[in-house]
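What shape does this take:
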Amino acid sequence: MSFHVDAMVILYLYGATFTRYTDHKALEVIFGNPISKPPARIEHWFLRLQQYKFRVVYKPGSRNPADYLSRHPPDSKQKQTNIADKYVHFVTHTAVLPALTVDDVRKATSKDTLLGLVRTAIQTGQWSSSELKQFKPIKDELSIDYTNNVVLRGTRLVIPSSLVQRVIQLAHEGHQGQARTKALIREHVWFPEMDKKVRAELEKCLACQATGQPSQPEPLRSTPLPNKAWDKLKIDFYGPLPTGQYILVILDCYSRFPEVEVLSSISAKTVIPKLDAVFARHGVPSQVVSDNRPPFQGHEFNRYMTKMGIQHNTSTPLWPQGNAEVEAFMKPLGKAIRTANLEGRPWKQVLSKFLLAYRSTPHSTTKVPPAQLLYNREIRGKLPTLPHNSKVINRHREAKQNDKEQKQRGKQYADSRRHTRTSKLRVGDRVLVRQKKTNKFSTNFSPTPYTIVAIKRSKVVAKNQQHSITRNVSLFKKIAEQAVSREEDDEDVVSRREEEEGDQVQEQYQQEQQEPRRSTRNTRQTNFYGHPINSGLRL
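As a prediction, this is how the structure comes out:
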């Protein structure tokens with residue numbers, strides 16, 4: 001046994017009795033006879049292994065697969081597929097495009113049928129062919145360089161269709177944005193529908209898509225208030241604390257009444273008894289919402305929910321806004337614990353006082369104390385109060401109305417501040433998913449594409465060949481489709497406008513030449529003492 005292997009297994013073998021199999025028959029005899037006198041080389045083995053308690057058992061090599069994982073052959077077809085995919089990925093990402101020369105453009109121009117028609121039209125002045133409609137608006141700028149046998153627009157080369165993609169890829173080697181890439185191309189060359197083709201090519205670049213900015217967030221979705229108290233609960237953990245403990249937070253979505261339990265761990269065996277104690281005080285709810293952390297996604301916890309007849313729903317992974325009510329309660333809870341630690345007081349005792357104050361204080365959304373909505377009565381604190389006969393049913397109506405108004409006001413403010421926009425994602429779209437940036441090399445989105453398979457409100461499920469992922473719709477970015485609707489190039493639009501304006505001037509000039517202009521006089525009626533006199537009555 002080598003030193004590094006000894007260091008790896010010592011945590012598992014030290015202090016335990018184990019069996020070691022070998023296909024060397026002599027080792028079974030040597031280690032099986034403690035009174036034998038082995039040679040110095042074997043004695044060195046004994047000294048190294050004397051701290052372990054084991055017995056050596058002989059097993060023939062034919063029945064002893066010593067290293068099953070390395071000897072077990074994988075699926076050859078899958079391996080070949082992975083190798084082919086990796087090779088294609090390597091070639092496409094490491095290939096270097098050669099520079100484009102004037103000679104390359106000359107050779108491609110001589111083989112391009114459309115540019116052949118353009119050369120003929122330049123020489124004859126006949127632009128009536130429908131195939132030349134993209135060149136007709138700029139016909140006055142086109143010329144032929146007979147030295148290099150290429151077509152020019154001003155001083156720029158006109159690129160044949162066979163070299164357009166190569167030109168765009170060369171201009172995009174630095175992964176500049178669309179505007180700067182088009183500016184670089186326009187500086188040197190020109191080809192029809194430049195804007196459309198550059199946009200379509202750059203939108204296929206996964207590197208630019210992955211490093212690009214996230215899309216605008218979705219408008220806020222407000223959840224309606226449950227019909228009654230303690231019918232829908234949300235649960236989460238606060239911690240771990242420096243003591244190694246956790247705080248289980250249970251919040252009623254109707255009244256915002258919190259229940260808190262201190263736990264030594266977050267295993268299902270620890271959480272379930274605490275839930276039983278809380279349900280014994282307030283009753284069993286109809287629905288419980290949690291995040292996807294342990295133990296909520298485990299089989300034991302879900303079996304307990306089924307046994308109790310509770311519908312268990314989970315919020316969207318990596319989206320704490322889906323559990324906003326509990327997250328909002330965590331802030332004052334954490335402040336109370338930190339304040340107790342700062343003042344040197346027992347934090348558990350301070351926690352009880354905090355809960356009493358929180359439950360008897362009107363909530364910021366409902367404007368009614370949580371305890372009053374849950375118990376249908378006021379709970380007594382340390383502040384003096386006079387008895388009064390207030391109808392509890394009116395407080396429930398007030399809470400529902402306030403909750404609706406506050407949520408609507410908060411939605412309008414959040415949507416306006418975040419400049420939200422409704423997502424246009426659909427099932428079947430190819431998307432990239434937002435990822436956490438760990439360093440300066442990290443990209444905003446994972447470069448691995450996914451395909452959307454399901455959408456439910458703001459929760460989106462996407463899959464690829466490896467696995468499935470569930471996230472909020474705001475964390476996805478659609479990969480633009482390769483097929484882009486036809487759009488005119490900016491320069492084409494300007495040239496077309498100039499041509500249309502020129503045609504209008506020419507047409508107006510021709511009309512003026514056809515209809516000779518006659519000189520006319522503007523006559524006015526004679527006015528004496530404020531009364532006009534008809535010209536027919538004047539002598």
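
three-state assignment of the residue nearest to Asp415 when sequence neighbours are not counted?
Distance criterion CB to CB, 6 or more residues apart in numbering; nearest residue to Asp415, sequence neighbours excluded, is Pro219 at 5.0 Å. (Glycine included, C-beta is placed from N, CA and C.) Recorded secondary structure, Pro219: coil (DSSP: H, G, I helix; E, B strand; the rest coil).

and Pro219, what does it touch?
Lys411, Asp415, Thr420, Arg421, Thr422 (CB atoms under 8 Å, 6 or more residues apart in numbering).

if we go to 10 Å?
Lys411, Gln412, Ala414, Asp415, Arg418, Thr420, Arg421, Thr422, Ser423, Ser458 (CB atoms under 10 Å, 6 or more residues apart in numbering).

Equivalent analysis for Lys424, please.
Lys424 neighbours (CB under 10 Å, 6+ apart): Ser215, Lys478.

would you say it is within a strand?
No: according to three-state DSSP, Lys424 belongs to no strand; its state is coil.

Tell me, what's the model's pLDDT at it?
On the pLDDT scale, Lys424 is placed at 84.

One more: the one 5 residues further on?
Per-residue confidence for Asp429 comes out at a pLDDT of 89.

can you give me phi and psi for it?
For Asp429, the backbone dihedrals (degrees, to the nearest 10) come out as phi -70, psi 140.

returning to what we had before: any chance of TSV for the contacts of Pro219, columns secondary structure, neighbour count and distance to Gly32?
Putting the contacts of Pro219 into TSV (DSSP: H, G, I helix; E, B strand; the rest coil; neighbours: other CB atoms under 10 Å; distance: CB to CB, whole Å) gives the following:
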residue	secondary structure	neighbour count	distance to Gly32
Lys411	helix	15	78
Gln412	helix	12	83
Ala414	helix	15	76
Asp415	helix	15	79
Arg418	helix	14	75
Thr420	coil	16	76
Arg421	coil	12	77
Thr422	coil	9	77
Ser423	coil	19	72
Ser458	coil	18	68
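
what's the most distant pair in those residues?
Greatest spacing in those, by CB to CB: Gln412 and Ser423 (18.9 Å).

how is this protein carved up into domains?
5-71, 96-204, 232-382+395-405, 429-478 (the TED database).

any chance of those domains in JSON lines, plus distance to Ser215?
Shown next, in JSON lines, are those (distance: least, CB to CB, whole Å):
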{"stretch": "domain 5-71", "distance to Ser215": "44"}
{"stretch": "domain 96-204", "distance to Ser215": "14"}
{"stretch": "domain 232-382+395-405", "distance to Ser215": "15"}
{"stretch": "domain 429-478", "distance to Ser215": "6"}
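
re the thing from before, can you list the contacts of Pro219 in a markdown table and add distance to Lys59?
Output for the contacts of Pro219, formatted as a markdown table (distance: CB to CB, whole Å):
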| residue | distance to Lys59 |
| --- | --- |
| Lys411 | 70 |
| Gln412 | 75 |
| Ala414 | 68 |
| Asp415 | 71 |
| Arg418 | 67 |
| Thr420 | 68 |
| Arg421 | 68 |
| Thr422 | 67 |
| Ser423 | 62 |
| Ser458 | 59 |
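
Go through the residues you listed and name the one nearest Ile235.
Of all the contacts of Pro219, Ile235 sits closest to Ser458, with 20.7 Å by CB to CB.

returning to that earlier point: let me know the closest of the contacts of Pro219 to Trp319.
When those are compared against Trp319 (criterion: CB to CB), the nearest one is Ser458, at 8.2 Å.
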